[in-house]
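Colleague: I'll drop the sequence and a predicted model, then ask my questions.
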Amino acid sequence: MFLDEQYVELLSRVEDGVEADFFPFWFTAALAVVTIVLACFTLITTERLVPPALRVVVGLGLWFFLWTLFATLNLVAFVGAHGSNRALQITRAANLRKSNAQSVANPARLVDVVAKKDRD
């Protein structure tokens, strides 16, 4: 599972908490809605707008479209980073469980691990 208790705990340590970590999704969705509304407004009012106003409306629509495009690209990078961090967390937990299991199975190994840790 992507969001288990350990990962949610890790995310909650972020400066503004879990909600802030997922804010980019809401913001990108809001940008997309504004872009669509502006595009529809442009299509409906194109014939009625004077050229300078049309330029402003088309310019705003293009600005919001590009902003949404780059925000979406950042979201992909954001999800990729979370995936990488989650994979690293799972790998470390698996290695720790494996090390603990080997230590329990072989008490002499536990002494070696503790001695190595003391040297480091």
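Modeller: Everything's here; your move. Numbers count the residues shown, from 1 in each chain.
Colleague: Within the helices and strands, which one has the residue nearest the centre of the chain?
Modeller: Nearest to the geometric centre of the chain sits Phe78, at 3.4 Å (Cα atoms, centre = their mean). Element membership of Phe78, judged by DSSP states H and E, is helix 51-105.
Colleague: Low-confidence stretches in this protein?
Modeller: 1-3, 102-120 (pLDDT under 70).
Colleague: From the chain's centroid, how far away is the helix holding Phe78?
Modeller: 3 Å (Cα atoms, centre = their mean, to the nearest Å).
Colleague: Check whether Ala93 really touches Gln6, as I assumed.
Modeller: Yes - when contacts are counted by Cβ atoms under 8 Å, Ala93 is listed as touching Gln6 (7.3 Å). Quick note: C-beta positions are derived from backbone N, CA and C, even for glycine.
Colleague: hmm, back to that, report how many residues lie close to the spatially closest residue to the residue nearest to the centre of the chain that is not a sequence neighbour.
Modeller: Leaving out its chain neighbours, the residue that sits closest to Phe78 by Cβ to Cβ, 6 or more residues apart in numbering is Pro24, at 5.9 Å. Neighbour count of Pro24, defined by other Cβ atoms under 10 Å: 15.
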